[in-house]
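Colleague: Got a predicted model here, sequence first, then my questions.
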Amino acid sequence: MPPLDMSKYLGLFVSEATEHLEAMGRDLVELEKVESPDAVDSLFRHAHSVKGMSSSMGYEPIAQLAHRAEDLVEALRKEPYRKSRELVDLLLAAADMLLSQVRAAGEGTAIDPAHALLESLSQHVTLLTGSAPAPTRVATNVVVTRPAPTAPGQTPGAGTPSAPPAPGAAPTSEPVPAEPQGPLGVLPRFAVRLRVLPTCQAPGVRAFLVHRRLSMLGNLFDLKPPLEDLKAGRLPDGRIALEIETSGGGDAVDQVLRNIPEVEVTSVAPVVYGQPPPSAPAAPEGPKPVGVEPQRSVRVRTDLLDLVLDSVGELMLATARIRELAKGLPEAHRPSMEEGIYRVHQLVRDLHGKVMSVRMTPLSTITDRLPRAARDLARKMGREVDLVIAGAEIELDRAILDELADPLLHILRNCIDHGLETPEQRAAASKGARGRILITVRRARDRVVVEIEDDGRGMDAAKLKAAAIARDQITAEHAARLTDREALMLACLPGVSTARDISEISGRGVGMDAVKRVVEGVGGTLELDSERGRGTRITLRLPLTVAVVNLLLVRLGAEIYGLPITKVAGAMEMDPQSLSQSLGEPMLPHGTALVPVRELSALLGVAQHPPKGPRPYVVMEADPGRVALAVDGLLGQEEAVLKPLAKPLDLVPGLSGVTILGTGRPVFILDVPRLLA
């Protein structure tokens, strides 16, 4: 039998194994806090799934370590009172090592066998059970190769020579066939009935793995559905039936199938020659919903989604261009043309919405990692922390989530390291020994609001002002005009609020400038609210998507620029001679406050030819407060497809992107906070 090439499943293996191992970390953090039989059962399932997948792929080091972790979890399952912090630490170390091994397999590098960790796990299993754990072996006759890069238009794997076996792959020598057994030298035959679970996202892959694994045990007969249907994932109710001739016995067949994740074994029964095989027990029929089709799902590479979204964006731009051209048609032909353009525009908008819904991802994909991070950091800093996350099922554009992972982790680290007190300090402040961090996610119209709140020592606005003045970030007069809430935003200025300057809050602002830049880079805002001795709340207001933005178009001479509507606090027209003056600086009355005025032409470094008489001013949100931009004209709002800047324009401060109007004219989108900085 030729060796099996499993390289086509390598990406799926890495993706699914990573999900299982990250879930193991969450379960272990929960198990450390409370005794939870559900968490133990979940741990066992995750470890078992990783063992089965790595065994199927031929990665023996991963399968061995997962098997040892599974043995230890099984021991805890039987004797939950033996749970200890040491055991949880050991299982967390195993999950971390497994994740490292899986990533090494995906990258085609050497897999660390982790002998010391295996030995430690085996010792603890022996201590809990009184007997040494059984050895682990993976499937033979399997080859996993790194797929070579394919030329454009070439089908992956077509005409590509096989690479050498990946590290950790089992030997490729064929197993020695056993002597035939059974009547008249015929191998025993077994009728196998199984089901691929409805939760499986790739039923075709699972079914094909079943076929491959059983083919290594013996000869297959009477496969239903046929192999072509298995590969395509056409499985009625997920059920598969077949017969296998093998010398390994029914137990070997059952063991092979149970090592394949998301596969349920219904029956493995010997076939008595001359009699029909026993049929699998029929599933009880319940009420069937009328008019409801079973939903199917498939994994799609994110880069393909990005390409589709780019294409839809180009369609939107092309539609806007056609609309502008139609304005030049004779009046008699214009209505029918506009009707057709409107129809195309609606279809493109609908298509864009569907593509965006596919890109939407629950916030839990990044918040699920936080409990483990909070646990490790609290242990290191000598804190006791309860982390509560609510609303993580709310969805955001995947592009925004990718940018938010590091800022959220940094905020959490600041909350634990600089916000929460030690148990002794909390006791002195009449607080409970355990600090509390609450992460709340909610929808607010077309925005998603993420609040991170701790019950720690809080922030000192007066000391933040002093630190900003000492570093020449603001003047003393400017600081005197700031409210306490505005002064808290000084923590987001570079270099302000370090431990050297503000020992009591110990550098809570370190890195917050980077966090704020990332949040504003995706079109969001960051707010700080704090009370001394009571805690701090950081609020992130995020758009649902960054692909389409609403702009306020402004004119400056002959040029047009776009300002994000989310940053616009208002607009008004006023004679420059009527502006107030403060320390030689023009101030625009806005609401109950005075807002400093800046010439947009001066910020951009373009020639200034201000018009005579009244002129428009756009009030923008900026650091550390609002500012009024003097422009030459307001051209209205525009829904635009955001395009990233290519080099070297991406290095120009103050530009966040570019869009194209229906006239075909490119318009730069301004990043006002960076422009002012």
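Modeller: Thanks, I have it.
Colleague: residues contacting residue 230?
Modeller: Contacts for residue 230 (Cβ atoms under 8 Å, 6 or more residues apart in numbering) come out as 204, 207-208, 210-211, 223, 240. C-beta here means a position set from N, CA and C on the backbone, and glycine is covered the same way.
Colleague: out of these, which one sits closest to residue 658?
Modeller: Closest approach to residue 658 among the contacts of residue 230 (Cβ to Cβ): residue 204, at 42.1 Å.
Colleague: right, and the closest one touches residue 231 too?
Modeller: Yes - counting by Cβ atoms under 8 Å, residue 204 sits close enough to residue 231 to count as a contact (5.6 Å).
Colleague: More neighbours: which of the two?
Modeller: residue 204 (17 against 13; other Cβ atoms under 10 Å).
Colleague: Now the more buried one. Nearest residue, chain neighbours left out?
Modeller: With sequence-adjacent residues excluded and distances taken as Cβ to Cβ, 6 or more residues apart in numbering, residue 204 is closest to residue 233, at 3.2 Å.
Colleague: Please determine how far the one you found is located from residue 222.
Modeller: Distance, residue 233 to residue 222, by Cβ to Cβ, to the nearest Å: 20 Å.
Colleague: quick one on the thing from earlier: which of the contacts of residue 230 fall within helices?
Modeller: 204, 207-208, 210-211 (DSSP state H).
Colleague: Domain-wise, how is this structure divided?
Modeller: For the chain, automatic domain parsing gives the domain ranges 4-143, 185-270, 303-361, 363-543, 548-676.
Colleague: Quick one: these as a markdown table, columns for mean pLDDT too.
Modeller: Listed next are the domains of the chain as a markdown table, based on pLDDT from 0 to 100:
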| stretch | mean pLDDT |
| --- | --- |
| domain 4-143 | 83 |
| domain 185-270 | 82 |
| domain 303-361 | 82 |
| domain 363-543 | 82 |
| domain 548-676 | 82 |
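Colleague: coming back round to it: from the contacts of residue 230, keep the buried residues only.
Modeller: Among these, the ones that count as buried by 16 or more other Cβ atoms under 10 Å are 204, 207-208, 210, 223, 240.
Colleague: just to revisit the earlier point, which one of the ones in helices among the contacts of residue 230 sits closest to residue 122?
Modeller: Using Cβ to Cβ, the ones in helices among the contacts of residue 230 come closest to residue 122 at residue 210, 30.8 Å.
Colleague: Give me the more crowded residue out of residue 233 and residue 222.
Modeller: Neighbour count, other Cβ under 10 Å: between residue 233 and residue 222, residue 233 has more, with 18 against 11.
Colleague: wait, doesn't that one sit right on residue 200?
Modeller: No - taking contacts as Cβ under 8 Å, residue 233 lies outside contact range of residue 200: 9.2 Å.
Colleague: Find the residues that touch each one of the two.
Modeller: When Cβ under 8 Å, 6+ apart defines a contact, no residue borders residue 233 and residue 200 alike.
Colleague: about what we covered before: how about JSON lines for the ones in helices among the contacts of residue 230, with distance to residue 589 added?
Modeller: Converted to JSON lines, those look like this (distance: Cβ to Cβ, whole Å):
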{"residue": "204", "distance to residue 589": "67"}
{"residue": "207", "distance to residue 589": "71"}
{"residue": "208", "distance to residue 589": "71"}
{"residue": "210", "distance to residue 589": "74"}
{"residue": "211", "distance to residue 589": "76"}
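Colleague: Among those, pick out the one closest to residue 638, please.
Modeller: residue 204 (45.1 Å).
Colleague: who's in contact with that closest one?
Modeller: Contacts of residue 204 (Cβ under 8 Å, 6+ apart): 230-233.
Colleague: Recalculate using a threshold of 6 Å.
Modeller: By Cβ atoms under 6 Å, 6 or more residues apart in numbering, the contact list for residue 204 reads 231-233.
Colleague: Tell me which stretches of the stretch 301-450 of the chain form helices.
Modeller: With DSSP state H, counting those that start in this stretch as the criterion, the stretch 301-450 of the chain has helices at 302-326, 334-359, 364-367, 370-381, 398-414, 423-428.
Colleague: go on, the stretch 451-600 of the chain?
Modeller: With DSSP H, counting those that start in this stretch, the ranges of helices along the stretch 451-600 of the chain come out as 461-470, 476-481, 484-488, 512-521, 600-604.
Colleague: re earlier: so the residue nearest to residue 204 touches residue 201, yeah?
Modeller: No - using Cβ atoms under 6 Å, residue 233 is not in contact with residue 201, being 10.2 Å away.
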